[in-house]
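Visitor: please work out how this folds:
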Amino acid sequence: MHIISIQVGKPRRIQWNGEEITTGIFKQPVAGHVPVRKLNLEGDAQADLRVHGGAKKAVYAYPSEHYPFWRDELPGINLPWGAFGENFTTAGRDEDSVHIGDIFRFGSAVLRVTQPRFPCYKLGAKFQRDDIISRFLHSGRSGFYLEVLEEGEAGAGDAIVLVEADPHRVRVADIVSLETSRKNDAALLRRAIAIPALADGWKNKFTERLAKLTRE
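Guide: From the prediction side, this is the model:
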């Protein structure tokens, strides 16, 4: 597994559905090694910190293996690395082989997987089409967020090395499936809730679903 490309970007204002909005989803590739900080990569920022950014969403990774799918799905649309707002475009693993809580070394920085990415309306604003949100969600190609355990530097071409596999073995794809299919899998819900690294929002949602399921 390795880094294909690294992207950063600062919030900008754009027009969408007749309104002006601010978004940090536009990312541009950067050359060389980039400092990886606790809350983001150097040169990167998020627009609305109520729902974006923070320690559990410090860095967003997206597998390069998904790009051929999207080029078929979205013919005529330019899709350079970073098109989906990711900081790290990766190669070698995807949502089926990355687990919540897995710890990886990206270059000299150490990061831990915390949750899949479920986009807000700003993905639609970037692509200037509302349907991309539903298509993204139901494609299963979510990518994943990471928190920074040890700051360092990373650059295109650097290896991504698994440092520690989470013992609960809940894949990013499992979390996506629980949400998009609304599967009432009590055993999987319990395993997900037990993962220390899983973001609190997901834990709270799954705890409520499990409580409702056990009452029925």
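Visitor: give me the phi and psi for Ala154.
Guide: phi -140, psi 150 (degrees, to the nearest 10).
Visitor: just give the nearest non-adjacent residue to it, would you?
Guide: Gly107 (3.3 Å; CB to CB, 6 or more residues apart in numbering). C-beta here means a position set from N, CA and C on the backbone, and glycine is covered the same way.
Visitor: how far away is the nearest residue to Asp185 once chain neighbours are set aside from Leu123?
Guide: Once flanking residues are discounted, Asp185 sits nearest to Leu178: 6.9 Å by CB to CB, 6+ apart. Distance of Leu178 to Leu123, computed by CB to CB, to the nearest Å: 21 Å.
Visitor: count of neighbours near Ser142?
Guide: Applying other CB atoms under 10 Å, we find 25 residues neighbouring Ser142.
Visitor: residue contacts, it?
Guide: When contacts are counted by CB atoms under 8 Å, 6 or more residues apart in numbering, Ser142 touches 95, 116-118, 136, 172, 176.
Visitor: I'd like to know which of these are buried.
Guide: 95, 116-117, 136, 172, 176 (16 or more other CB atoms under 10 Å).
Visitor: of all these, which comes closest to Gly32?
Guide: Nearest to Gly32 among the buried ones among the contacts of Ser142 is Arg117, at 25.7 Å by CB to CB.
Visitor: that closest one contacts Tyr60, doesn't it?
Guide: Yes. Counting by CB atoms under 8 Å, Arg117 does reach Tyr60; the two are 6.1 Å apart.
Visitor: joint contacts of these two?
Guide: 143-145.
Visitor: got a winner among those for most neighbours?
Guide: Counting neighbours by other CB under 10 Å, Phe144 comes out on top of those with 29 neighbours.
Visitor: ok, back up a step: can I get the contacts of Ser142 in TSV with distance to Ala194, pLDDT and secondary structure?
Guide: Shown next, in TSV, are the contacts of Ser142 (distance: CB to CB, whole Å; pLDDT from 0 to 100; DSSP: H, G, I helix; E, B strand; the rest coil):
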residue	distance to Ala194	pLDDT	secondary structure
Glu95	20	97	coil
Pro116	17	97	strand
Arg117	22	94	coil
Phe118	21	90	coil
Phe136	28	93	helix
Val172	16	97	helix
Val176	18	94	helix
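Visitor: identify the bridge partners of the residue nearest the centre of the chain.
Guide: Centroid-nearest residue in the chain, with CA atoms, centre = their mean: Phe144, separated by 2.9 Å. With DSSP bridges as the criterion, Phe144 is bridged to Ala61, Pro116.
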